[in-house]
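S.K.: Dropping the sequence and predicted coords here.
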Amino acid sequence: MTVFERSNAFYLLAFFIIAISLGSAALLFPGMWAGGGALRFTDAVFTASSAVCVAGLGTVDMADFSRAGQIIILLLIQTGGLGIVSFSALILTISGNRLGLNRRTTIQGFYLDGIEYRPRNIVRNIITFTLSIEAAGAIALSLLFRDSGVRDWLFMGVFHSVSAFCNTGISVFSGGLERFSGDMPIVIVLMALIFLGGVGFLVIHDVLRFISGKTRRLQYHSAVILAMSVLIVVAGSLFFIAFERTRLFSAMSTPDAIVNAVFQAVNTRSGGFDVVPQNGLTQPSKLLTAILMFIGGAPGSIAGGIKITTVFVLLAFLFCPSDKAGDIKVFRRRLTGESVNKAVVYTFKALILLFTFIIALTVAERSTGKTFGSIAFEVFSGFGTVGLSLGITGDLSTAGKWIVIGAMFAGRVGLIALAFPHLTRTNPDITYPKGTLLME
């Protein structure tokens, strides 16, 4: 194997490390920080990591950056949002060099047969969809912000459109977006952008082909993504209404409460905007929020988490009988035993990473008086690249901040690396003796 053909994870790691390093250095330049004192190195790295990993957590108020600093953050969000698939494919194909087999397999692993398979077209579609949707969102939000009396409404519209579609949840309004919890048009536009960013380019492309008549039915993958997304949003919305109507949503009208409940169900899967204060949620709602942050959005999308297709396969594994080969029949399709095995292994690896960071942050913050619930919530948010917090991010110790940086990095880079298609060498089949274990 040549140096160029080394593992995909190496290039993924290098891409994000370089982007975060350059972003951190840029944020430390004079004139980027407009808050009191000087921006600390750790806070610069945390902000850059949060933007590139589209995690959304912040140890400082994003409104305290100068306009130039906010533009740097916007560019970092866009870089992380477009992600390793488009950027690596663009770099590898723009020179005209022939793609190696593992490079081509990695890129094509984010698309399905019958939709697209050429790396150049994949990159073009991703960039076209991204810029088109963000432009439409920017126009809508700019006009709505202008009508709401927001200064610099054009920049605010562009920034929050990119942040919403990239599922980052970073806001340059001081105090986040809580001031707009009663402005339903703004909430609805943000929710639509988050949802589109979370279902993935593949699904958007497939739906457009279906609407235009180029195909008679949606791909199985797209149908599962849309069905699971609707199921999770509806169930989550009903749950939040049930537990928050007389608490966090008590001062809202019924229509506003319903919209905010739906927004919470969509937002928690990777959006990360603080439209309502998360520390005001009831304990059951906080638990559901953590679960939704862990689940995340669709594969091939900007969203984080273990992805809803993984959850779909796990549910099928739990409730549907399998044949001798381990295959499961769901909705007139067959999920192979290999797919089931990948989903189970992937989920367990994600859980190991998640709880490792929870333990590490608990140890780092053991003398600060923070509750275990708030610490666990913070790690779930960082690892799921969501950005919601119970208000402890800025008060973390230096060690705690670096642990959360690691959680954001692992949630974005580590989970993508685990999902990469792998090429394996063919080994002679060896049959080992049967092993028996008592399970009770």
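M.R.: Sure thing, it's come through. Residues are numbered from 1 along each chain as shown.
S.K.: pLDDT weak spots in the stretch 1-150 of the chain?
M.R.: Across the stretch 1-150 of the chain, the ranges flagged by pLDDT under 70 are 1-9, 83-120, 122.
S.K.: Wait, residue 386 touches residue 53, no?
M.R.: No - the pair residue 386 / residue 53 is not scored as a contact, 10.9 Å apart, by Cβ atoms under 8 Å. Any C-beta I mention is one placed from the backbone N, CA and C, and that applies to glycine too.
S.K.: Which stretches in the stretch 101-250 of the chain count as helices?
M.R.: Listed in chain order, the helices of the stretch 101-250 of the chain (DSSP state H, counting those that start in this stretch) span residues 101-108, 119-147, 153-165, 184-199, 201-211, 220-244.
S.K.: Which one's more surrounded, residue 386 and residue 53?
M.R.: Ranked by neighbour count (other Cβ atoms under 10 Å), residue 386 and residue 53 place residue 386 first, with 34 against 28.
S.K.: got the buried residues for stretch 156-175?
M.R.: Within stretch 156-175, the residues scored as buried using 16 or more other Cβ atoms under 10 Å are 156-173.
S.K.: now the end-to-end length of it.
M.R.: Terminal residues of stretch 156-175 lie 14 Å apart, using Cα to Cα, to the nearest Å.
S.K.: Quick check: mean pLDDT of that stretch?
M.R.: Throughout stretch 156-175, pLDDT has a mean value of 92.
S.K.: same question, stretch 400-414
M.R.: Stretch 400-414 carries an average pLDDT of 90.
S.K.: And stretch 306-315, by the same measure?
M.R.: If you average the pLDDT over stretch 306-315, you get 90.
S.K.: Residues contacting that stretch, please?
M.R.: Contact with stretch 306-315 is made by 221, 224-225, 228-229, 232, 294-299, 335, 339-340, 343-344, 346-347, 350, 415, 419, as judged by Cβ atoms under 8 Å, 6 or more residues apart in numbering.
S.K.: Now intersect the residues you listed with the strands, please.
M.R.: residue 335 (DSSP state E).
S.K.: From the contacts of stretch 306-315, list just the buried residues.
M.R.: 221, 224-225, 228-229, 232, 294-299, 335, 339-340, 343, 346-347, 350, 415, 419.
S.K.: My guess is residue 261 contacts residue 244. True?
M.R.: Yes - judged on Cβ under 8 Å, residue 261 makes contact with residue 244 at a distance of 6.9 Å.
S.K.: Name the residue in the two with the higher neighbour count.
M.R.: Each of residue 261 and residue 244 has its neighbours counted (other Cβ under 10 Å); residue 261 has more, 26 against 22.
S.K.: That one - that's part of a strand, no?
M.R.: No - applying DSSP: H, G, I helix; E, B strand; the rest coil, one finds residue 261 to be helix, outside a strand.
S.K.: Could you find the closest non-adjacent residue to it?
M.R.: residue 240 (4.2 Å; Cβ to Cβ, 6 or more residues apart in numbering).
S.K.: OK, contacts around the one you found?
M.R.: If you count contacts by Cβ under 8 Å, 6+ apart, residue 240 has them with 261, 264, 265, 285, 288.
S.K.: now residue 261
M.R.: Counting by Cβ under 8 Å, 6+ apart, residue 261 touches 237, 238, 240, 241, 244, 249.
S.K.: Can you get me a residue count around the closest residue to residue 180 other than its chain neighbours?
M.R.: Spatially, and ignoring its direct neighbours in sequence, residue 180 is nearest to residue 186 (4.8 Å; Cβ to Cβ, 6+ apart). Residues contacting residue 186 under the criterion other Cβ under 10 Å number 23.
S.K.: Could you check how far residue 186 is from residue 398?
M.R.: Going from residue 186 to residue 398 by Cβ to Cβ, to the nearest Å gives 36 Å.
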